[in-house]
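Enquirer: sequence and computational prediction follow.
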Amino acid sequence: MSYQIAVLAGDGIGPEVMAQARKVLAAAEQRFELNIEYSEYDIGGIAIDNHGCPLPKETLAGCEAADAILFGSVGGPKWEGLPPDSQPERGALLPLRAHFGLFCNLRPAKLHEGLEHLSPLRADISARGFDVVCVRELTGGIYFGKPKGRQGEGEAEEAFDTMRYSRKEIRRIATIAFETARGRRGKVTSVDKANVLACSVLWREVVEEVAKEFPDVTLEHIYIDNATMQLLRRPDEFDVMLCSNLFGDIISDEIAMLTGSMGLLSSASMNESGFGLYEPAGGSAPDIAGKGIANPIAQILSAALMLRHSLKREDAAAAIERAVGKALSEGFLTGELATDAAAAKTTAEMGDFIARAVAEGI
Ligand SMILES: NC(=O)C1=CN([C@@H]2O[C@H](COP(=O)(O)OP(=O)(O)OC[C@H]3O[C@@H](n4cnc5c(N)ncnc54)[C@H](O)[C@@H]3O)[C@@H](O)[C@H]2O)C=CC1
Ligand SMILES: CC(C)CC(=O)C(=O)O
Ligand SMILES: [Mg+2]
């Protein structure tokens, strides 16, 4: 069986970390006798520069023809002055998510063995460890609600966004959260702002309905403001965090950093047919782009999620995750994690280490 993967490295650190994911995938292909073909396409800022638009037709056609999309990141200061819908994020990433109906975003974060002391959590809390999956609704809510815009003569006097959710949208993502919890520690924490927002009141109602179909799973509700605080206080008590688009965006950066770095959090975005886009949860990191110091692990773990969810190769996915665990537990760390700057590894050295560990079959 051969697989077609559309590779969209994008901007900033995207191409640097994507090169490492490709190395690791090559090692996995050899060891597990996978047959993967890759086609590379421009997206985001690089596509604006090369084609005059952030999501060229060829890119979309390449993605449509593929079994899965491996995505880097888009955006950066160079393109910030463009009209909003021509920018990399609103003109490419969000339309891509909408086009493929990628409503289900899974962001798994766990405190890796060997990194406990590098987490910004208080030492006694990080010693307890944690392992959380953020299940984020990705194609609805305030990021997509209409109308949205600016109003006023000349310089806008006001701007507005619309938060909107249907029962169907809430039901399908809540169902995924409960199913995910069933395969884990059996607890869903639904994050909302039901003391203020009409969408959150509906969110709670529908989540309660779905919960009745999963009597073996415990459900708790929490307001977003309290959730950000409780994650710092008792992260080990969370299992699956069910979030709307906006709240999941916020929570996912927090859980990434609790594990030590934004460069560790992978993600899978899937539609109702199981088609997926796999990308690091962080962005293009313009502050470190081009320096060869970005952590490629989020991209490498996203490739592992692609192997698991789209290619159904649990063996190869698990091997990559073990290889990442080996690097971290042996203190093989990129600069943002290394306590001894002189011992920090480059992006490429990390990719080489993990690829070798996959090839050697740890
Ligand atoms: N999926 C995507 O393509 C996303 C794109 N963006 C875009 O990326 C650009 C930068 O956004 P920011 O808000 O600065 O968020 P960011 O996630 O790019 O960076 C935030 C901080 O995390 C660090 N960081 C991120 N990834 C890292 C890695 N792999 N290794 C080490 N450190 C890492 C950065 O150096 C920076 O200090 C913006 O244009 C934004 O719109 C932001 C988030 C997601
Ligand atoms: C353009 C943003 C919505 C991307 C982002 O921050 C994310 O998906 O986490
Ligand atoms: Mg984000």
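Expert: Happy to help now that I have it. Ligands and ions are numbered 1, 2, ... in the order given.
Enquirer: what packs against the lengthiest helix in the chain?
Expert: Identified as the longest helix of the chain according to DSSP state H is helix 14-32. Applying 3 or more C-beta pairs under 8 Å, 6 or more residues apart in numbering; DSSP states H and E, one finds that helix 14-32 contacts strand 2-10, strand 35-40, strand 68-73, helix 297-309, helix 314-329, helix 347-360. Quick note: C-beta positions are derived from backbone N, CA and C, even for glycine.
Enquirer: and those as a markdown table, adding mean pLDDT and mean neighbour count?
Expert: As requested, those are exported to a markdown table (pLDDT from 0 to 100; neighbours: other C-beta atoms under 10 Å):
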| stretch | mean pLDDT | mean neighbour count |
| --- | --- | --- |
| strand 2-10 | 97 | 21 |
| strand 35-40 | 98 | 14 |
| strand 68-73 | 98 | 27 |
| helix 297-309 | 98 | 26 |
| helix 314-329 | 98 | 19 |
| helix 347-360 | 98 | 20 |
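Enquirer: reformat those as a markdown table; add distance to Leu96.
Expert: Formatted as a markdown table, the helices and strands packed on helix 14-32 follow (distance: least, C-beta to C-beta, whole Å):
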| stretch | distance to Leu96 |
| --- | --- |
| strand 2-10 | 8 |
| strand 35-40 | 15 |
| strand 68-73 | 8 |
| helix 297-309 | 15 |
| helix 314-329 | 23 |
| helix 347-360 | 25 |
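Enquirer: for the record, mean pLDDT for stretch 78-88?
Expert: Mean per-residue pLDDT for stretch 78-88: 94.
Enquirer: is it in proximity to ligand 2?
Expert: No. Shown here: stretch 78-88 not in contact with ligand 2 (C-beta under 6 Å from any ligand atom), separated by at least 8.3 Å.
Enquirer: any idea how far the closest residue to Arg128 other than its chain neighbours is from ligand 2?
Expert: Residue nearest to Arg128 in three dimensions, not counting chain neighbours: Asp236, with 4.5 Å by C-beta to C-beta, 6 or more residues apart in numbering. Asp236 sits 24 Å away from ligand 2, going by C-beta to the nearest ligand atom, to the nearest Å.
Enquirer: repeat for Val135
Expert: In terms of C-beta to the nearest ligand atom, Val135 sits 14 Å off from ligand 2.
Enquirer: helix/strand/coil for that residue?
Expert: strand (DSSP: H, G, I helix; E, B strand; the rest coil).
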